[in-house]
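Asker: pasting the sequence and the predicted model now:
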Amino acid sequence: MHIAIIGAGIAGLTCARALAAAGCAVTVFEKSRGPGGRISTRRRDGAAFDHGAQFFTVRDPAFGPVAQDWAAAGMIAPWTGRFGRLVGESHYVAETPPLTRWVGVPRMSAITRRLSAGLDVKPKTRIERVARDGDRWRLTTEGGASTGAFDRVVVATPAPQAAPLLAAAPKLAALAAAAKMRPSWAVMARFAEPVRLPFDAVDVQPGPVAWLARNSSKPGRDGPECWVLLARASWAEAHVDDTFDDVAAALVKAVDDRLGGFAPVEAIAHRWRYGLLDARSGPPGVDAHLDPSGLGACGDWCVGPRVESAWRSGRAMARLIRESATPGI
Ligand SMILES: Cc1cc2nc3c(=O)[nH]c(=O)nc-3n(C[C@H](O)[C@H](O)[C@H](O)COP(=O)(O)OP(=O)(O)OC[C@H]3O[C@@H](n4cnc5c(N)ncnc54)[C@H](O)[C@@H]3O)c2cc1C
């Protein structure tokens with residue numbers, strides 16, 4: 001059975017690995033230069049910023065052994081920083097008991113790089129259309145090229161990008177269209193000197209910044225002091241079309257006004273147009289979806305706004321495909 005997977009984020013790669021391990025031929029199409037999706041790291045002038053997922057947690061008992069394997073393979077390590085929240089003007093409340101937060105080492109993108117190893121991943125290939133061709137499927141790329149034929153197609157992209165690709169399975173397309181995703185702004189700030197703050201990462205209330213983290217305090221990082229600021233979802237939504245420079249300046253100023261002494265030598269913004277599943281629309285309630293025609297959908301939007309949710313959805317998708325296989329395919 002030959003399977004096409006659109007999207008090399010954690011959901012698509014988890015699905016791809018499980019299917020490849022079961023003996024299927026798998027091709028993964030990814031529009032970006034490399035795998036990872038929202039598990040991503042930007043390198044700049046010796047600094048490395050995890051500007052998508054900051055860390056991940058393990059809540060699902062089935063995910064625990066997977067994380068342990070990744071840790072044993074040196075892909076991830078616990079981030080043992082000083083965590084808490086900032087309340088009122090600038091009151092720091094330390095977290096008790098501390099949550100176990102896992103991060104990729106030496107950067108978040110190491111997770112998806114390692115998961116993609118050995119897979120047939122076609123980078124810089126944006127898929128625009130998925131169409132039936134007899135009893136198989138063909139994909140059309142942005143440049144108009146047609147791919148080979150596939151027995152099953154998995155769309156593992158954020159919901160708004162999935163909906164048009166699922167047009168041949170209208171029920172799935174409607175599910176994806178109903179799952180709303182909110183934009184996120186991340187600001188990557190590099191400093192000449194260590195920042196004198198008594199924490200490594202905080203949830204912040206109230207104001208435009210929701211999360212403030214000393215990226216360089218994560219395990220295995222070297223290079224200069226660098227921080228990542230994430231905007232509050234409501235602020236990101238209201239400022240989604242602001243310029244990158246304006247967003248970087250606004251979020252740095254918000255932190256500096258509150259805490260003082262927050263003066264990076266450089267701050268650059270990154271916009272995730274489809275950042276996080278909107279809790280108000282909620283997931284559709286099933287981990288992954290496979291239409292009887294052989295077109296499927298998975299991704300964090302099927303489960304919840306977390307790395308772990310995307311992993312769970314990708315694993316469920318692989319199981320559905322294996323169960324759908326008929327002898328001879
Ligand atoms: C700023 C931010 C911070 C976050 N922090 C955390 C955190 O601390 N902890 C946590 O657990 N989660 C966090 N998350 C959420 C987490 O990153 C996601 O839940 C998870 O990475 C989603 O994985 P995915 O595989 O479902 O989707 P994605 O990672 O989005 O992967 C989808 C892939 O599909 C590709 N694609 C899209 N359209 C096409 C197309 N037409 N053709 C080909 N390829 C296509 C994309 O380029 C992308 O690589 C955060 C997210 C953001 C944005």
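Answerer: Happy to help now that I have it. Numbers count the residues shown, from 1 in each chain.

Asker: going forward, measure contacts and count neighbours with C-alpha atoms only.
Answerer: Fine.

Asker: and Gly143, how many neighbours does it have?
Answerer: 10 (other C-alpha atoms under 10 Å).

Asker: with Asp242 instead?
Answerer: What Asp242 shows, counting by other C-alpha under 10 Å, is a neighbour count of 12.

Asker: same thing with Thr112?
Answerer: There are 23 residues near Thr112, going by other C-alpha under 10 Å.

Asker: would you mind measuring from it to the ligand?
Answerer: 9 Å (C-alpha to the nearest ligand atom, to the nearest Å).

Asker: and what of Arg126?
Answerer: Arg126 is 4 Å from the ligand, by C-alpha to the nearest ligand atom.

Asker: Gly37 now?
Answerer: Counting by C-alpha to the nearest ligand atom, the gap from Gly37 to the ligand is 3 Å.

Asker: hang on, Arg312 packs against Val286?
Answerer: No. Checked against C-alpha atoms under 8 Å, the pair Arg312 and Val286 is beyond contact range at 10.6 Å.

Asker: common neighbours of these two, please.
Answerer: Jointly contacting Arg312 and Val286 under the rule C-alpha atoms under 8 Å, 6 or more residues apart in numbering are Val303.

Asker: okay, the two: which has more neighbours?
Answerer: Arg312 (26 against 11).

Asker: OK, contacts around the more buried one?
Answerer: Contacts of Arg312 by C-alpha under 8 Å, 6+ apart are Ala11, Phe63, Asp287, Val303.

Asker: please tell me which one of these counts the most neighbours.
Answerer: Ala11 (31 neighbours).

Asker: tell me how far that one lies from Ala62.
Answerer: 15 Å (C-alpha to C-alpha, to the nearest Å).

Asker: now do Gly52
Answerer: Taking C-alpha to C-alpha, one finds Gly52 at 24 Å from Ala62.

Asker: of the two, who's got more company?
Answerer: Gly52 (24 against 10).

Asker: tell me the secondary structure for that one?
Answerer: coil (DSSP: H, G, I helix; E, B strand; the rest coil).

Asker: need the pLDDT of it.
Answerer: With respect to pLDDT, Gly52 scores 98.

Asker: and what of the one 3 residues further on?
Answerer: The confidence metric pLDDT takes the value 98 at Phe55.

Asker: with adjacent residues omitted, what lies nearest to it?
Answerer: Using C-alpha to C-alpha, 6 or more residues apart in numbering and skipping the chain neighbours, the partner closest in space to Phe55 is Val103 (4.8 Å).

Asker: what values do phi and psi take at the one you found?
Answerer: phi -130, psi 150 (degrees, to the nearest 10).

Asker: what is the burial count for it?
Answerer: 26.

Asker: which ones, among the contacts of Arg312, also lie beside the ligand?
Answerer: Among the contacts of Arg312, the ones lying near the ligand by C-alpha under 6 Å from any ligand atom are Ala11.

Asker: using CSV, lay out the contacts of Arg312 together with distance to Asp257.
Answerer: Shown next, in CSV, are those (distance: C-alpha to C-alpha, whole Å):
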residue, distance to Asp257
Ala11, 39
Phe63, 40
Asp287, 43
Val303, 37
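
Asker: out of the contacts of Arg312, which sit inside helices?
Answerer: Within the contacts of Arg312, residues falling in helices by DSSP state H are Ala11, Phe63.

Asker: who does the helix or strand containing Leu139 pair with, and is each partner parallel or antiparallel?
Answerer: Here Leu139 sits within strand 136-141, counting by DSSP states H and E. With DSSP bridges as the test, strand 136-141 is paired with strand 127-133 (antiparallel), strand 146-150 (antiparallel).

Asker: how far is stretch 228-244 from where the chain is centred?
Answerer: Distance of stretch 228-244 from its chain centroid, counting by C-alpha atoms, centre = their mean, to the nearest Å, is 17 Å.

Asker: got it, and stretch 253-268?
Answerer: Taking mean C-alpha positions (C-alpha atoms, centre = their mean), stretch 253-268 and its chain are 26 Å apart.

Asker: one more: stretch 302-322?
Answerer: So, by C-alpha atoms, centre = their mean, the centroid of stretch 302-322 is 13 Å from its chain's centroid.

Asker: list the contacts for Asp256?
Answerer: Contacts of Asp256 by C-alpha under 8 Å, 6+ apart are Phe262, Ala263.
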